[in-house]
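Chemist: Okay, predicted coordinates and the sequence, questions at the end:
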Amino acid sequence: MAVPQRKQRASLAVGRDRLPVVVEGEAQPGLWVLAVLVPCKLAADQGLAGRLEFPTARGLCALDGVVQPDGCSDGRLLFWARTTRVEQRRELARIDVMLPVVLSWRVGTSAQRTYRTTTLDLSGGGALVAAPPGLKPDQEVGIYLTLGDGGPDMLLRARVVRVVDRSRVALCFEAISESQRERIIRFVLRVQREQIRRRREVLSGGG
């Protein structure tokens, strides 16, 4: 089951309201403490159905559960996951594609390391990249991504959500703007259509 990471930005849907939140941590299995980024007016003694949506390396995922204000005046909520169902949105389709990227991360308190590498797959929520050893889960990295679609290169902030093996790391984009995410999604869908077209040509004997 995909779960939100500590300090990860997420979106909490409660009724008609959608609140931007930061995941402060998991108080116990299935119970997350959320810091609300905007004022809320939920009754302190009321538990409401809610959906916590957060990006992962596989796409935008959602957990259904119950929201319990934890003294909403201090900007904190409790979210109990009531189901293990994880939803991956179609618009965050993933493609296998190699694109040039530069990773950067801190080593110790001040040293900064950079590493030129490539993506192995890409979606609007994150990427799988060929990476050097040493990166660990929950580590923050900068990623300089070149799509080659005619637009400017993108400098994004990401977090390591999974170390697949010694040479591959799954990253989740964080603090990404909607325009940046939409641009990546458009690129992914265009490449996906092209890949499908090429497969059809091969199957039909046209190339």
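Modeler: Everything's here; your move.
Chemist: Only the buried residues of stretch 115-126, if you could.
Modeler: Tyr115, Thr117, Thr119, Leu120, Asp121, Leu122, Ser123, Gly124, Gly125, Gly126 (16 or more other Cβ atoms under 10 Å). The way it works is simple: take the backbone N, C-alpha and C, and place the C-beta from them, glycine included.
Chemist: At which residues are the strands of the protein located?
Modeler: All strands of the chain, identified by DSSP state E, fall at 9-14, 17-28, 31-36, 48-56, 59-69, 76-81, 95-96, 100-107, 111-122, 126-130, 140-145, 154-165, 168-174.
Chemist: still on that earlier bit, hmm, which two among the buried residues of stretch 115-126 are most spread apart?
Modeler: Comparing all pairs in the buried residues of stretch 115-126 by Cβ to Cβ, the longest separation belongs to Tyr115 and Gly124, at 23.2 Å.
Chemist: Pick out the residue closest to the middle of this structure.
Modeler: Pro55 (2.8 Å; Cα atoms, centre = their mean).
Chemist: bridging residues for that residue?
Modeler: Leu60 (DSSP bridges).
Chemist: which stretches of this protein have low pLDDT?
Modeler: Low-confidence segments of the chain (pLDDT under 70): 1-2, 39-46, 56-60, 70-74, 83-92, 206-207.
Chemist: who touches Leu34 in this structure?
Modeler: Residues counted as contacts of Leu34 (Cβ atoms under 8 Å, 6 or more residues apart in numbering) are Ala10, Leu12, Val21, Val22, Val23, Glu24, Leu52, Arg76, Leu77, Leu78, Phe79.
Chemist: Could you give the number of residues near the second one?
Modeler: Look at Leu12: counted by other Cβ atoms under 10 Å, it has 23 neighbours.
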